[in-house]
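Novice: Provided below are the primary sequence and the corresponding predicted coordinates.
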Amino acid sequence: MMTFHSLTSEEKKQLARNLTSFLSQYKHISDSYIIEFFSEGLWDALPFAWTETLRDLSAPQIADLLLDSTCKDRRYPSVWPLSLLAFRATAHALAFPRKARGGAVQEVGTQGLEEFQENQSQSSLLGHNFRKHVKPKKQHEINKLGKLVKRLCDLTECNNVVDVGSGQGHLTRFLSFGLGLSVTGIEADPTLVAMASKFDGQLLSTLQKESLKKNVASQQLTAPGQSPHHVVGWVNPKASWEDFVKQLKKGGPECNGPTCTDLPSKKRLWESASNPDQHPDKAVLPLSPAQFCLSHAQTVRLVSPQATSTWTSPVPGANPASLQGPPEITPEPSPRAARNPKRQRKFETGEGAGRVASKSHASPFPSRTSNAPPRPDCQGTAEWEEESGDPRFIVTGLHACGDLSATLLRHFASCPHILGITSVACCYMKITTHENPTPPGVLVPPCPPRPEEPSHSVFGYPMSSWVRGLPGHRLSYKAREGACHAMEDYLQRLREESGLLRIHCYRAALETVIRGAQPDLRRAGIQTIKKAHLLPFPEYARLGLPRVGLPADLPLDHVGLDAMLRQQRRVVVYFSLALLLAPVIETLVLLDRMLFLQEKGLQSQLVPLFDPAFSPRNLVLVSVKRREASDHTQCEKS
């Protein structure tokens, strides 16, 4: 199968045509809600030939015959209609591959990953300090993405990185302390930023204690990289790239005048979009304890538990050049690199990725986290370089929610200081569209543009002019929400015939009870009921009804409900049909972003970087600007 990074410009456009044409034919499936299976008669809306074929399939048969594109031994219990075969084949053919070329199919969870064979909660590819406070899934992600970001830094000869949506700073710490980069993390939630600073301090304190145990004199320490710089700020999708850069320098959103309000706390971060009273925190939180430099030996121990005396790679036994990097987006070498054969070879091949540069670039957003004078032993390190340092940087966003990923791509395309980007998207249902400019859970920008100023307001989908002009390109909230579902996890449930498959049928049956009691109450959220699949339905209903404001002892039609519950297989089949469209919808969203960059004259590539059985949102959009486009911002420091 041809991968997207190998498609020509016209082939990408044709693929977008095919995607929109296919999805528009099956909107009745992608836009439907499984909880309305009984109340809206979803089964009867399918072609009769389909229902006759699918109604008696077992869960493992659904996995093999419908969802798994890699299944080699399909054994059909009956002759399938051509329309159903075409539906399945087209869905598989149009979706971007979620496994790296030649990658083996893994089990869901840590069991299938080699890095977790010794310990299912600790990746063998990260030093113990980077695993602290970090769940296995995140360990897998920061190791993979961190190496890719480092390669982009090597390709562009830029040491500065901005981590947007940095959360508790796990990726930021790995990029900074582990890979020797100068990193600024920006995060909207001040509570998470405070935690990031706390964890930074704990890591520094641990290293200091280790150095004292080994009688390493502090005045002999030299730093491979400075401490991360943390900024509290919400990246406004309606703001310009200039505002974004100012925000990184100053901390907090760029707001002036009476319309400026504050960023919400974590508890209120996803309140209704109708509430404009938000309160941004403009503070840049301090690191604690006071910053100090790290020795070369300390950083070796920090990154690799197996390391001894030399630091050659941030992961034990790994070849830094063997990344799933973007061969088509390698920028032109600089004249300085061309004059130096060794530099040229490293630049082209990515050799030396993960090594500490002999010189650290100054951060474009110098840390103001301490007013203390520089320590004598820290003089000359990147931490204390002047503000007139290299203004260029790489942007990364690990599972940047909703419009945030689209906003970062727009800034990348417009801002001359941003040389490269790695974008891992998340929460497609929170993307704004023309039809749905304020999806549930999306924050209203705290600083609406002044009437006299040009508005930078744009929607998260579609981004490209090409897709916007295609008939049938619109994606509903439900379709985008469905694109976030995990195919690999559901495949395993089917093959194991897990009791969890019962949940959708339970909820669909409960919906008929709710509407019978209160007809105008539709699709009410009841949240997760703990171990619901192990409960008898009457107990499930007793726990769920009060959550929608109905009495727990509401009389139930047990005969009618039992008849519904016996149709569990049909509910599973219908959900599987909708799930088959999920990767196709995600492909259209990400292809639209590739076409947007293409329209801006930028190459890009989609890389299935993470194991999809472990990290479902595993596709990384990577782009690097050509050397000529950024030469005027090249740092002239020697």
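Specialist: On my side now, so go ahead. Residues are numbered from 1 along each chain as shown.

Novice: Quick check: pLDDT value at G103.
Specialist: Per-residue confidence for G103 comes out at a pLDDT of 48.

Novice: wait, I meant F610
Specialist: Per-residue confidence at F610 stands at 86 (pLDDT).

Novice: now do I142
Specialist: In this prediction, I142 has a pLDDT value of 87.

Novice: And for E511?
Specialist: So E511 comes in at 97 (pLDDT).

Novice: low-scoring pLDDT stretches of the stretch 101-250 of the chain, where are they?
Specialist: 101-133, 214-225 (pLDDT under 70).

Novice: swap in the chain?
Specialist: Using pLDDT under 70, the chain drops low at 1-5, 100-133, 214-225, 251-389, 443-457, 628-638.

Novice: Go through it and flag its longest helix.
Specialist: helix 568-599 (DSSP state H).

Novice: From the contact counts, what lies against the next helix or strand after it?
Specialist: Using DSSP states H and E, the helix or strand that follows helix 568-599 in sequence is strand 605-608. Where contact means 3 or more CB pairs under 8 Å, 6 or more residues apart in numbering; DSSP states H and E, strand 605-608 is packed against strand 619-624. Where you see a C-beta, it was placed from the backbone N, CA and C, and this is true even at glycine.

Novice: Just want the angle from the strand it packs on to helix 568-599.
Specialist: Using axes from the mean of the first three to the mean of the last three CA atoms, to 10 degrees, the inter-axis angle of strand 619-624 relative to helix 568-599 is 0 degrees.

Novice: How about residues contacting strand 619-624?
Specialist: 96, 98, 145, 148, 152, 155-156, 325-326, 329-331, 405, 409, 412, 419-425, 586, 590, 593-594, 597, 602-610 (CB atoms under 8 Å, 6 or more residues apart in numbering).

Novice: go with 6 Å
Specialist: Residues outside strand 619-624 that contact it (CB atoms under 6 Å, 6 or more residues apart in numbering) are 155, 326, 329, 331, 420-424, 593, 597, 602, 604-609.

Novice: Stretch 466-482 too?
Specialist: By CB under 6 Å, 6+ apart, the list of residues contacting stretch 466-482 reads 13, 16, 20, 24, 30-31, 428-429, 436, 439, 462, 578, 582, 585, 592, 595.

Novice: Now which of those residues would you call buried?
Specialist: 13, 16, 20, 30, 428-429, 436, 439, 462, 578, 582, 585, 592, 595 (16 or more other CB atoms under 10 Å).

Novice: And the residues you listed, which is closest to E539?
Specialist: A578 (27.8 Å; CB to CB).

Novice: Okay, that closest one and T438: tell me how far apart.
Specialist: Per CB to CB, to the nearest Å, A578 is found 25 Å from T438.

Novice: before we move on, what about V164?
Specialist: 22 Å.

Novice: okay, those two: which has more neighbours?
Specialist: V164 (26 against 12; other CB atoms under 10 Å).

Novice: residues in contact with the residue nearest to the more buried one when sequence neighbours are not counted?
Specialist: Leaving aside its chain neighbours, V164 sits nearest to G397 (4.6 Å; criterion: CB to CB, 6 or more residues apart in numbering). Residues counted as contacts of G397 (CB under 6 Å, 6+ apart) are V164, G165, L408, S423.

Novice: just S414 next, same as before
Specialist: W241.

Novice: So it versus E10, what's the distance?
Specialist: 25 Å.

Novice: count of neighbours near the residue lying closest to A578 once chain neighbours are set aside?
Specialist: Spatial nearest neighbour of A578, excluding adjacent residues (CB to CB, 6+ apart): I29 at 5.4 Å. Residues near I29, counting by other CB under 10 Å, number 20.

Novice: cool, and A194?
Specialist: 18.

Novice: ok, and it, which helix or strand is that part of?
Specialist: Counting by DSSP H and E, A194 is found in helix 190-213.

Novice: helices and strands around the helix or strand following that helix, which ones?
Specialist: Using DSSP H and E, the next helix or strand after helix 190-213 towards the C-terminus is strand 229-232. Judged by 3 or more CB pairs under 6 Å, 6 or more residues apart in numbering; DSSP states H and E, strand 229-232 is in contact with strand 182-187, helix 190-213.

Novice: Other residues contacting the shortest one?
Specialist: What it means is strand 182-187. By CB under 6 Å, 6+ apart, the list of residues contacting strand 182-187 reads 159-164, 166-167, 169, 172, 175-176, 193, 226, 228-231, 233, 248, 361, 363, 365, 382.

Novice: Give me the sheet partners of it and which way each runs.
Specialist: strand 160-164 (parallel), strand 229-232 (parallel) (DSSP bridges).

Novice: Next, the angle from it to helix 190-213.
Specialist: 150 degrees.

Novice: Please shift the residue numbers so they start at 3 in all later answers.
Specialist: Got it, first residue is 3 now, which makes that one strand 184-189.

Novice: how about strand 184-189 as PDB, C-alpha atoms only?
Specialist: Output in PDB follows, covering the C-alpha atoms of strand 184-189 (Å, rounded to 0.1, in the frame of the first residue of the first chain):
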ATOM      1  CA  SER A 184      16.600  24.200  25.500                       C
ATOM      2  CA  VAL A 185      12.900  23.700  26.100                       C
ATOM      3  CA  THR A 186       9.900  26.000  26.900                       C
ATOM      4  CA  GLY A 187       6.700  24.300  28.000                       C
ATOM      5  CA  ILE A 188       3.400  26.200  27.800                       C
ATOM      6  CA  GLU A 189       0.400  24.800  29.600                       C
END
